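Participant: Okay, predicted coordinates and the sequence, questions at the end:
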Amino acid sequence: TQLLEQSPQFLSIQEGENLTVYCNSSSVFSSLQWYRQEPGEGPVLLVTVVTGGEVKKLKRLTFQFGDARKDSSLHITAAQPGDTGLYLCAGARNDMRFGAGTRLTVKP
Amino acid sequence: DAGVTQSPTHLIKTRGQQVTLRCSPKSGHDTVSWYQQALGQGPQFIFQYYEEEERQRGNFPDRFSGHQFPNYSSELNVNALLLGDSALYLCASSAYGTYNSPLHFGNGTRLTVT
């Protein structure tokens, strides 16, 4: 059983559409991080959220940490083909544990 | 400033053999974590090394062992390889004691067990 559940598992959309992916857990985390991974490469950090209820924006990406620090969401506005990749959330306790990821494909 | 480097990039082994994977952390980092990523899955935590000791361990059998050297580089050893050990093995470095700090990943070693 995954400590962090990500949904949806797969998402295929057209360029210009908006989307939200979710990361849920029954555990509380001291922080939560989002990474993006492209084929043949290791994951690359997008953002770290620490405070319950925190919202962070990175250009067209908006990240939110749940009030109880158990869940998070990633919203992408006006998706572009360059956003294609595997989006991973990771929760920090004594170490960093990852969800299974959401594989996003943005078609031109 | 070199990031995390892993070697080799690809490896093919036969069931029952042993393998050693290597990792050099990002400059300034003293902690190395190893992850196993099966095809289509997220990284699964194997263990973390700091000050040449295993500090945290995930749910992996004793066939998986590691080592950290005084220069902070690390090795992952897997004995008695099984077909199910085929995966991308990722090394990530960070600064110890700051568990909220980002993990810097290498591009991994792709292990195929036949």
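Facilitator: All right, it came through fine. Numbers count the residues shown, from 1 in each chain, chains lettered A, B, ... in the order given.

Participant: which bits of chain A sit near chain B?
Facilitator: A:2, A:6, A:30-31, A:33, A:35, A:40-45, A:48, A:50, A:88, A:90, A:92-101, A:103 (C-beta under 8 Å from any C-beta of the partner chain). All C-beta atoms are positioned from the backbone trio N, CA, C, and that covers glycine.

Participant: Show the buried residues in those.
Facilitator: The neighbour-count criterion (16 or more other C-beta atoms under 10 Å in any protein chain shown) marks A:6, A:31, A:33, A:35, A:42-43, A:45, A:48, A:88, A:90, A:92, A:95-101, A:103 among the residues of chain A next to chain B as buried.

Participant: if you look at the residues you listed, which of them are in strands?
Facilitator: Mapping these onto strands (DSSP state E) picks out A:6, A:31, A:33, A:35, A:45, A:48, A:88, A:90, A:92, A:96-98, A:103.

Participant: of all those, which comes closest to B:Gly66?
Facilitator: A:Met96 (16.4 Å; C-beta to C-beta).

Participant: Look up the pLDDT of that closest one for me, please.
Facilitator: Model confidence at A:Met96, expressed as pLDDT, equals 85.

Participant: what does A:Asn18 give?
Facilitator: At A:Asn18, pLDDT is 98.

Participant: Give the burial count for the closest residue to it other than its chain neighbours, as a bare number.
Facilitator: Of all residues not flanking A:Asn18 in the chain, A:Thr77 sits nearest, at 5.3 Å (C-beta to C-beta, 6 or more residues apart in numbering or on different chains). The number of residues packed near A:Thr77 is 13, by other C-beta atoms under 10 Å in any protein chain shown.

Participant: Next, the contact list for A:Thr77, please.
Facilitator: Neighbour list for A:Thr77: A:Asn18, A:Arg60, A:Leu61, A:Thr62 [criterion: C-beta atoms under 8 Å, 6 or more residues apart in numbering or on different chains].

Participant: Out of those residues, which is nearest to chain B?
Facilitator: Closest approach to chain B among the contacts of A:Thr77 (C-beta to the nearest C-beta): A:Leu61, at 15.8 Å.

Participant: contacting residues for the closest one?
Facilitator: A:Leu61 touches A:Leu46, A:Val47, A:Leu74, A:His75, A:Ile76, A:Thr77, counting by C-beta under 8 Å, 6+ apart.

Participant: just to revisit the earlier point, what's the closest of the contacts of A:Thr77 to B:Phe47?
Facilitator: Of all these, B:Phe47 sits closest to A:Leu61, with 31.3 Å by C-beta to C-beta.

Participant: re earlier: need the contacts of A:Leu61 in a markdown table with pLDDT, can you?
Facilitator: Formatted as a markdown table, these follow (pLDDT from 0 to 100):
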| residue | pLDDT |
| --- | --- |
| A:Leu46 | 96 |
| A:Val47 | 94 |
| A:Leu74 | 98 |
| A:His75 | 98 |
| A:Ile76 | 98 |
| A:Thr77 | 98 |
